[in-house]
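Asker: using only what follows, build the 3D model:
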Amino acid sequence: MLTSQKKGKNIINLKSNDELINVHFLDNNYLALVSKNEKLLVFDTSSLPTLNKGAGVQLMKIKDKDCIIDTSLFDLKEGLSWMKATKTKNLRDVQFWKGKRAQVGKKIPKGFNKNLKFNS
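Answerer: Coordinates of the predicted model:
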């Protein structure tokens with residue numbers, strides 16, 4: 001984005017106690033989200049609406065004390081990957097965790113790392 005203003009442009013407005021986790025280019029078909037309560041949700045990025053203005057879009061339904069830890073854009077053919085110790089784990093069959101946007105998600109797969117982070 002280019003602007004002629006010295007002060008720049010505000011692209012993202014965050015409410016109090018909110019943090020920006022990741023910014024992704026939509027170059028892959030599926031988005032994976034993992035929450036602090038060890039829930040994983042995978043959904044198609046075509047379900048994300050384009051907004052001109054507004055409060056945003058709910059990606060995952062979470063409870064009050066829960067939060068989204070990490071996000072990852074990936075291609076179904078390549079699978080979802082994360083680091084476990086020094087090894088890279090790859091989950092190709094994500095059918096169990098696939099759902100619609102704004103759902104709760106399901107328990108993370110066995111062998112998922114303790115810090116709940118994907119490979120970037």
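Asker: all strands of the protein, in order?
Answerer: For the chain, the strands defined by DSSP state E occupy 30-35, 39-44, 68-74, 80-84, 87-91, 106-107.
Asker: will you turn those strands into TSV that also has mean pLDDT and distance to residue 55?
Answerer: Backbone N, C-alpha and C define where each C-beta goes, glycine included. Listed next are those as TSV, based on pLDDT from 0 to 100; distance: least, C-beta to C-beta, whole Å:
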stretch	mean pLDDT	distance to residue 55
strand 30-35	96	18
strand 39-44	96	20
strand 68-74	94	16
strand 80-84	93	29
strand 87-91	93	32
strand 106-107	96	27
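Asker: out of those strands, the one nearest residue 19 is which?
Answerer: Smallest distance to residue 19 across those (C-beta to C-beta): 9.5 Å, for strand 68-74.
Asker: quick one: the closest one to chain centroid distance?
Answerer: 3 Å (C-alpha atoms, centre = their mean, to the nearest Å).
Asker: name every strand pairing with that strand and say which way it goes.
Answerer: strand 30-35 (antiparallel) (DSSP bridges).
Asker: tell me the buried residues in the strand it pairs with?
Answerer: Residues of strand 30-35 classed as buried by neighbour count (16 or more other C-beta atoms under 10 Å): 30-35.
Asker: for the protein, which spans come out with low pLDDT?
Answerer: Low-confidence segments of the chain, defined by pLDDT under 70: 1-3, 9, 54, 120.
Asker: tell me, how many residues neighbour the spatially closest residue to residue 12 that is not a sequence neighbour?
Answerer: Leaving out its chain neighbours, the residue that sits closest to residue 12 by C-beta to C-beta, 6 or more residues apart in numbering is residue 20, at 6.4 Å. For residue 20, the neighbour count with other C-beta atoms under 10 Å is 7.
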